[in-house]
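S.K.: sequence and predicted model, in that order:
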Amino acid sequence: DAKGLFEVPDGLALDDAVALLADGRTATMMLRAAQPREGERVLVEAAAGGVGTLLVQLAKASGATVVAAAGGEKTEVPMRLGADEAVDYSRPGWAGKVEKVDVVFDGIGGDVAREAFALLRQGGRMVSFGLASGEWANISEEDAQARGVTLVGPKATPEELREFTESALAAAAQGRLKPLVGQRFPLDDAAEAHAAIQSRRTVGKTLLEVSRPS
């Protein structure tokens, strides 16, 4: 449907636009749902991934203090994008090194998400967007209410989803948001690209490069 097309704004490279198309929409939707305020502390899980790298930038632009949780050497990635602190969630006891937070963007699920949930202050919000661990956080509404925490489940109309995408593209064209294209594979190596993602060796967005037939 022609109505489903998006115009790439002037000043934005096509590969950056592709990298933003889904992740920019997702990050924008979640940020607006959680509404981090200036001075609040925001924990971004999977902060070196496609959505996470965008959330780090958007949360920082909102005036929040950003704590980035990533695995191993990947902690360097969100720090380069403006995070205030970074922690390696693959190390036991990582949560003990993090002060209480107001918002958690959960891209990992499982034990990491449950540890992040325990860091939330009363009045905090938690938004889940991924399950890199293989399972969702599985935190009950009853547990959240007992802690005075809101589990935010973003909902949007097709029109709102389109607006989120256009907002991300516009922010990138204006230099306010930068997608991280961490690796590129030729289309013939698509299987290798999938293997790299599955093994969690990647950072940011993974792109397949295609060329026109000669």
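M.R.: Thanks, I have the structure now. Small disclaimer: the values here were computed from a predicted structure and weren't measured.

S.K.: check which element follows the helix ranked longest in the chain along the chain.
M.R.: For the chain, the longest helix by residue count, based on DSSP state H, is helix 158-173. Note on helix 158-173: by DSSP states H and E, the next helix or strand toward the C-terminus is strand 181-186.

S.K.: where in the chain is pLDDT low?
M.R.: 212-214 (pLDDT under 70).

S.K.: which residues of it fall in helices?
M.R.: Under DSSP H, the chain gives helices at 14-21, 23-34, 50-61, 76-80, 110-118, 141-147, 158-173, 190-198.

S.K.: would you format the ones you listed as a markdown table with distance to Glu40 included?
M.R.: Every C-beta, even on glycine, is put in place using the N, C-alpha and C of the backbone. Below are these laid out as a markdown table (distance: least, Cβ to Cβ, whole Å):
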| stretch | distance to Glu40 |
| --- | --- |
| helix 14-21 | 25 |
| helix 23-34 | 10 |
| helix 50-61 | 9 |
| helix 76-80 | 17 |
| helix 110-118 | 15 |
| helix 141-147 | 17 |
| helix 158-173 | 21 |
| helix 190-198 | 31 |
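
S.K.: what's the most buried one of those?
M.R.: helix 50-61 (a mean of 27; mean count of other Cβ atoms under 10 Å).

S.K.: how big is the angle separating that one from helix 23-34?
M.R.: 50 degrees (axes from the mean of the first three to the mean of the last three Cα atoms, to 10 degrees).

S.K.: right, so of the helices of the chain, which gets closest to Leu43?
M.R.: Across these, Leu43 has its closest neighbour in helix 110-118 (5.7 Å, Cβ to Cβ).

S.K.: ok so, going back, out of the helices of the chain, nearest to Ala132?
M.R.: helix 110-118 (8.4 Å).

S.K.: which strands or helices does that closest one pack on?
M.R.: strand 101-106, strand 120-128, helix 141-147 (3 or more Cβ pairs under 8 Å, 6 or more residues apart in numbering; DSSP states H and E).

S.K.: just how off-centre is that helix within its chain?
M.R.: Centroid separation for helix 110-118 versus its chain: 16 Å, with Cα atoms, centre = their mean, to the nearest Å.

S.K.: start at 268 instead
M.R.: I'll keep to 268 as the first residue from here, and by that count the last item is helix 377-385.

S.K.: just to revisit the earlier point, as JSON lines, the helices and strands packed on helix 377-385 with distance to Glu305 would be great.
M.R.: Shown next, in JSON lines, are the helices and strands packed on helix 377-385 (distance: least, Cβ to Cβ, whole Å):
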{"stretch": "strand 368-373", "distance to Glu305": "11"}
{"stretch": "strand 387-395", "distance to Glu305": "15"}
{"stretch": "helix 408-414", "distance to Glu305": "24"}
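
S.K.: touching, Ser329 and Ala301? I think so.
M.R.: No. Checked against Cβ atoms under 8 Å, the pair Ser329 and Ala301 is beyond contact range at 9.6 Å.

S.K.: still on that earlier bit, out of the helices of the chain, nearest to Val394?
M.R.: Of all the helices of the chain, it is helix 290-301 that lies closest to Val394, at 4.8 Å by Cβ to Cβ.
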